[in-house]
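K.L.:
sequence plus the predicted model coming up.
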Amino acid sequence: MRQVRTLGLLGTGVIGGGWAARALHFGIDVIAADLKPEMEQWLRGAVANAEGALARLTFAPLPPKGRLSFTTDLQAMARQVDFIQENIPEQLELKQRVLADISRHAPADVLIASSTSGLMPSDLQRDMAAPERLLVAHPFNPVYLLPLVELVAGRQTSAAALDAAARFYSYIGMHPLRVRREVPGHLTDRLQEALWREILHLVNDDVATTGELDDSIVYGPGLRWAAMGTNLIYHLAGGETGMRHMLRQFGPCLKWPWTKLEAPELTEGLIDKMVAGTQAEAAGRSIRELERLRDDYLVAIQQVLREYNIGAGATLRALEERLYEDAAAAAGGGGSRGRRGECGRPAAAPRDVRATGVDRLQRPHDRLALPAGLWRCDRCALQVRRHRRGLPPLGTRALHRGNARGAQGRSAPAGAAVRDQLRAGGG
Ligand SMILES: NC(=O)c1ccc[n+]([C@@H]2O[C@H](COP(=O)([O-])OP(=O)(O)OC[C@H]3O[C@@H](n4cnc5c(N)ncnc54)[C@H](O)[C@@H]3O)[C@@H](O)[C@H]2O)c1
């Protein structure tokens, strides 16, 4: 399988746009193809819209941004790229037809992955040339911030294709989850679908509004789910004996009418209730405004989880470690991975710190001149943390005071004194 320098996108709607933003940010060139020429403007807008949140996700040194180009010639795209991600509408016959056509133009060592939310890879690869390079790689919206990508092999998919795809997705900061066996809806959408059907029943039966049901998740289970899944959470619910006790205690409920997994009929009345309910929750805010809000908290949550090295935070931490290594190697400092990234590009010097929005750092620590050095410098790290919290940079004296106090051989890391001062509202 090839090293991925250029990613081809087939379909540039919500998901294609998200893939473009993520790949470009981590240094991969993108050739995006869509039947509709007007999608170019939409795509460029979507990529620009994602930039703010992506720039705040990590301050690790990044390779130079990838280049984006757009075409309506799907076959020309297929001839020029190293990896194709398909994101056209969720219709089996359409996907089968387009994948079969594209596979006759893309060289046989070019992997083709489908973003399908629930179609089976064995069905998608049916009419393809070299079907062993087709897999499902199901991402989550927004693709540029959520690391999960479900990888599913079809009957004809090769193990090598799955391994190579997993390496590529890791390279662009994702968490590939290999699904053992293809099933409609893969894993996550089956779980989401169960919740969704229950929501439709509860609204349909006038038990609750959409807002009340969203509150029932946001103030409780949703907070837990960012780092622990239902199974581990239920293990904790069983006290000292964990899951075994939990199952004994709540086992009888499984026979009670606590769920109706069959979906209700989607009547016009039910559709109106769902629309009116969610409009009330949006309270006049546009989709763009809500997306920005969502992106901001998704960045913040991942940064908190990084401190605990858990869930999506562990993925972010691993990505940053690799980025530091690549940057150090590029700066001539060695590094175990050599001077090339997984994508095959030379690991170039990091972008100017100004590009990430941290443009107020003070001399002599105001630039990422030495990529690995910045984060070894407590003063710069402190300023970056302040920037993330929307605080103005510290003056030189306050910085030096903090560093001197922190560095007096105590167990607290250098700069801890200033951090305490910041928490107390000083500085
Ligand atoms: N929206 C989500 O939250 C989400 C999440 C994960 C996966 N997915 C999956 O991703 C895929 C795309 O979903 P979306 O929400 O981005 O859809 P979308 O409607 O936003 O975008 C689809 C794009 O495909 C283009 N298109 C249609 N036919 C085409 C063709 N023959 N060749 C090239 N382009 C064509 C359209 O012009 C459009 O720009 C679907 O399979 C969906 O199940 C969606």
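P.N.:
Happy to help now that I have it.
K.L.:
for the residue in the chain positioned nearest to the ligand, the count of nearby residues, please.
P.N.:
Closest approach between the chain and the ligand, counting by Cβ to the nearest ligand atom: G13, at 1.9 Å. Just so you know, the C-beta spots here come from the backbone N, C-alpha and C atoms, and that holds for glycine as well. Using other Cβ atoms under 10 Å, G13 is surrounded by 16 other residues.
K.L.:
that one contacts E38, doesn't it?
P.N.:
No. No contact is recorded between G13 and E38 when judged using Cβ atoms under 8 Å, the distance being 11.8 Å.
K.L.:
ok, and what's touching stretch 30-39?
P.N.:
6-13, 16, 19-20, 23-24, 40, 43, 66-74, 76-77, 80-81 (Cβ atoms under 8 Å, 6 or more residues apart in numbering).
K.L.:
kindly report the same for stretch 64-77.
P.N.:
Where contact means Cβ under 8 Å, 6+ apart, the residues beyond stretch 64-77 that reach it are 7-10, 12, 20, 23-37, 39-40, 43-44, 47, 84, 98, 101-102, 105, 348, 351.
K.L.:
okay, now the unreliable bits of the stretch 251-400 of the chain?
P.N.:
Judged by pLDDT under 70, the stretch 251-400 of the chain has its weakly predicted residues at 332-400.
K.L.:
so which bits of the protein are right by the ligand?
P.N.:
Remark: the part of the chain in contact with the ligand comprises 10-16, 34-36, 39, 74, 87-90, 98, 115-117, 138-141, using Cβ under 6 Å from any ligand atom.
K.L.:
contacting residues around the one residue sitting closest to the centre of the chain?
P.N.:
Residue closest to the average C-alpha location in the chain (Cα atoms, centre = their mean): L146, at 2.2 Å. When contacts are counted by Cβ under 8 Å, 6+ apart, L146 is found next to P139, F140, L298, A312.
K.L.:
can you tell me which of those residues are in helices?
P.N.:
Within those, residues falling in helices by DSSP state H are L298, A312.
K.L.:
hmm, back to that, would you list the buried entries among the contacts of stretch 64-77?
P.N.:
Neighbour counting over those (16 or more other Cβ atoms under 10 Å) leaves 7-10, 12, 20, 23-34, 39-40, 43-44, 47, 84, 98, 102, 105, 348, 351 as the buried ones.
K.L.:
quickly list the domain ranges of the chain.
P.N.:
According to automatic domain parsing, the chain comprises the domains 6-179, 188-284, 352-427.
K.L.:
what's the end-to-end length of the second one?
P.N.:
Distance between the two ends of domain 188-284: 30 Å, counting by Cα to Cα, to the nearest Å.
K.L.:
so which strand or helix has V98?
P.N.:
Using DSSP states H and E, V98 sits within helix 92-103.
K.L.:
E291 now?
P.N.:
helix 287-308.
K.L.:
helices or strands up against that helix?
P.N.:
If contacts are counted by 3 or more Cβ pairs under 8 Å, 6 or more residues apart in numbering; DSSP states H and E, helix 287-308 sits against helix 39-57, helix 311-330.
K.L.:
next, format those as TSV and append distance to S158.
P.N.:
What follows is those, written out as TSV (distance: least, Cβ to Cβ, whole Å):
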stretch	distance to S158
helix 39-57	31
helix 311-330	26
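K.L.:
which of the ones you listed is buried the deepest?
P.N.:
Mean neighbour count, computed with mean count of other Cβ atoms under 10 Å, is highest for helix 311-330 among those, reaching a mean of 20.
K.L.:
dump it to CSV, keeping only the CA atoms.
P.N.:
What follows is the C-alpha trace of helix 311-330 in CSV, where atoms were taken according to Å, rounded to 0.1, in the frame of the first residue of the first chain:
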residue,chain,number,x,y,z
GLY,A,311,-10.4,8.2,25.9
ALA,A,312,-10.0,10.9,23.2
GLY,A,313,-7.5,12.7,25.4
ALA,A,314,-5.1,9.7,25.1
THR,A,315,-5.4,9.9,21.3
LEU,A,316,-4.6,13.6,21.4
ARG,A,317,-1.6,13.0,23.7
ALA,A,318,-0.2,10.3,21.4
LEU,A,319,-0.7,12.6,18.4
GLU,A,320,1.2,15.4,20.1
GLU,A,321,4.0,13.2,21.1
ARG,A,322,4.4,12.1,17.5
LEU,A,323,4.2,15.7,16.3
TYR,A,324,7.0,16.8,18.7
GLU,A,325,9.1,13.9,17.6
ASP,A,326,8.6,14.7,13.9
ALA,A,327,9.4,18.4,14.5
ALA,A,328,12.5,17.6,16.5
ALA,A,329,13.6,15.3,13.8
ALA,A,330,13.0,18.0,11.2
